[in-house]
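Novice: Kindly generate the corresponding structure for this input.
(one chain, ligands or ions: 1)
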Amino acid sequence: MTLSRRKMLAVIGGGTILAATAGAGAFVTTRTPHKAIAPWKAAGGYEDPRRRALSYAILAPNPHNRQPWLVDLQTPDTVVLFRDKDRDLKHTDPYSRQLTIGLGCFLELMTIAASQTGHRVDLDIFPEGEDGPVAIARFSEGATPDPLFANVMDRRSCKEPFQDRAVPQDLIAKLQNSAQTVTDVSQVAKLKKITVDAWMTETLTPRTMKESVDLFRIGKAEINANPDGIDLGGPFLEALSIAGILTREAQLDPQSTAFAEGVRMYDEMLNATPAYAYLTTAANTRADQIDAGRRWLRLNLTTTSLGLSLHPVSQALQEFDEMKQHYANVHEMLATPGHTVQMLGRLGYGPEIGPSPRWPLETRILNG
Ligand SMILES: Cc1cc2nc3c(=O)[nH]c(=O)nc-3n(C[C@H](O)[C@H](O)[C@H](O)COP(=O)(O)O)c2cc1C
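Specialist: Residues are numbered from 1 along each chain as shown. Below you'll find the model as predicted:
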């Protein structure tokens, strides 16, 4: 992962650069990538109950915003979900564990959205084994609306520093059915160190850092053209890009000033964390990973309903060689021996942030 808009802004003093840009006022007001975030506005605007539910499902959280979902709608009342393997993250997610979790988030969001029109969804997970479809979802009448739907449009992964403010225990208690939590100060400090160390490892391992940098979408035109990956938008970042400061090359060079400052800022963000939420599973089958994704989505909607921010920090859970020690440390701390930590997230009070880009639903339908 790399710098957010706010951090990058601090790194390069964007205001000065922007002021020097001709027509700065017009530039600032025209940088929103409306096309890339249009699927948030289109959600719900479909008559077919499957398309309607899918128009929300595509707003699910997913690693590196790869949106690895493809659906076949040929069979009536049925959605067949596939993983788009062209969207794999072979370095940071070599076993596609995280991508599968993202597909679990998608299925849960589809199910919650379908319940709003009274549709029940029965899921058959990996019915043909690992190489076949991820799920066959059959829609039928007879569901009660799920109240968590109320939080779908406001749900975010908040990649910003959180306030120096503890999460009250009565709110933590409300999360107990959704996840395990860490609030003890010394345990939180230990986890901060693990997440910072793991982030450094991902960032200093050239092939994993390059995987992220290759997914940078810098500025409005790139974000609109490819509404996925790591979006670095907004007037300041775009001005930096025009000024030649925000480049893929600088982000790949540990000797560059922007890189060093980025590390300092990321460190600050990871440390501005009052609590954590995490999910573990006893086994680590594909079905467990889907289940973890379904639980994470419900957790994220619940935190939204409580006014809390949630931000997945997955580096220590990644399964490449250089990460082994951090993976072992986080497992020793959070999991029973032999169990798997599927998700770990910062929990607290972050700033309000906007929706992230999505590919339109139509581009994700194979046929039907
Ligand atoms: C399995 C999984 C792992 C993720 N890991 C990270 C992570 O390590 N760092 C991060 O900033 N975001 C992480 N995310 C959040 C995604 O980047 C985010 O869902 C995506 O960019 C879309 O943004 P949104 O959730 O705000 O809609 C993860 C999400 C999932 C489902």
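Novice: what are the ranges of the helices in the stretch 1-150 of the chain?
Specialist: 5-12, 14-19, 24-29, 34-42, 49-57, 97-115 (DSSP state H, counting those that start in this stretch).
Novice: The ligand contacts on the chain?
Specialist: 1, 61-65, 98, 101-102, 105, 156-157, 159, 312-315, 356 (Cβ under 6 Å from any ligand atom). Bear in mind the C-beta positions are built from the backbone N, C-alpha and C, glycine included.
Novice: and the helix or strand where residue 172 lies, which residues are buried?
Specialist: Secondary structure from DSSP states H and E places residue 172 in helix 169-174. With burial defined by 16 or more other Cβ atoms under 10 Å, the residues of helix 169-174 counted as buried are 171, 172.
Novice: swap in stretch 146-154?
Specialist: Applying 16+ other Cβ under 10 Å to stretch 146-154 flags 146, 148, 149, 151, 152 as buried.
Novice: Between its first and last residues, how far does that stretch reach?
Specialist: 16 Å (Cα to Cα, to the nearest Å).
Novice: and what of stretch 204-218?
Specialist: End-to-end for stretch 204-218, by Cα to Cα: 21 Å.
Novice: Centre of the chain to it, how far?
Specialist: How far stretch 204-218 lies from its chain's middle: 16 Å, per Cα atoms, centre = their mean, to the nearest Å.
Novice: Tell me the one among the buried residues of stretch 146-154 nearest to the ligand.
Specialist: Proximity of the buried residues of stretch 146-154 to the ligand (Cβ to the nearest ligand atom) peaks at residue 152, which lies at 10.5 Å.
Novice: since we're on the residue lying closest to the closest one once chain neighbours are set aside, how many residues are nearby?
Specialist: Leaving out its chain neighbours, the residue that sits closest to residue 152 by Cβ to Cβ, 6 or more residues apart in numbering is residue 56, at 5.8 Å. Residues near residue 56, counting by other Cβ atoms under 10 Å, number 24.
Novice: got a list of what residue 56 touches?
Specialist: Residue 56 makes contacts with 43, 44, 109, 110, 112, 113, 152, as judged by Cβ atoms under 8 Å, 6 or more residues apart in numbering.
Novice: Buried only: go through the residues you listed for me.
Specialist: 43, 109, 110, 112, 113, 152.
Novice: Give the full set of residues in contact with the fifth one.
Specialist: The reference is to residue 113. Residue 113 touches 44, 52, 53, 55, 56, 57, 149, 152, counting by Cβ under 8 Å, 6+ apart.
Novice: re earlier: so which of the contacts of residue 56 is the closest to residue 339?
Specialist: Nearest to residue 339 out of those is residue 109 (Cβ to Cβ; 25.7 Å).
Novice: pretty sure that closest one contacts residue 297?
Specialist: Yes. Using Cβ atoms under 8 Å, residue 109 makes contact with residue 297 at a distance of 5.6 Å.
Novice: In contact with residue 82, which residues?
Specialist: Applying Cβ under 8 Å, 6+ apart, the residues contacting residue 82 are 69, 70, 71, 72, 133, 134, 366.
Novice: Please repeat the previous calculation with a cut-off of 7 Å.
Specialist: 70, 133, 134 (Cβ atoms under 7 Å, 6 or more residues apart in numbering).
Novice: Same check on residue 67?
Specialist: Residue 67 touches 58, 87, 228, 358, 359, counting by Cβ under 7 Å, 6+ apart.
Novice: Going through the residues you listed, which ones are buried?
Specialist: 58, 87, 228, 358, 359.
Novice: Output the residues you listed as a markdown table; include the columns pLDDT and distance to residue 81.
Specialist: A markdown table is the format used below for those (pLDDT from 0 to 100; distance: Cβ to Cβ, whole Å):
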| residue | pLDDT | distance to residue 81 |
| --- | --- | --- |
| 58 | 98 | 12 |
| 87 | 97 | 14 |
| 228 | 98 | 18 |
| 358 | 98 | 16 |
| 359 | 98 | 15 |
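Novice: from these, which ones fall inside strands?
Specialist: Of the positions in the buried ones among the contacts of residue 67, not one sits in strands, assigned by DSSP state E.
Novice: List just the nearest of those to residue 291.
Specialist: Nearest member of the buried ones among the contacts of residue 67 to residue 291, counting by Cβ to Cβ, is residue 58, at 20.5 Å.
Novice: Tell me, how many residues neighbour residue 204?
Specialist: 13.
Novice: just to revisit the earlier point, which member of the contacts of residue 82 is positioned nearest residue 339?
Specialist: residue 134 (23.1 Å).
Novice: That closest one reaches residue 128, doesn't it?
Specialist: No. Assessed by Cβ atoms under 7 Å, residue 134 is found out of contact with residue 128, at 10.2 Å.
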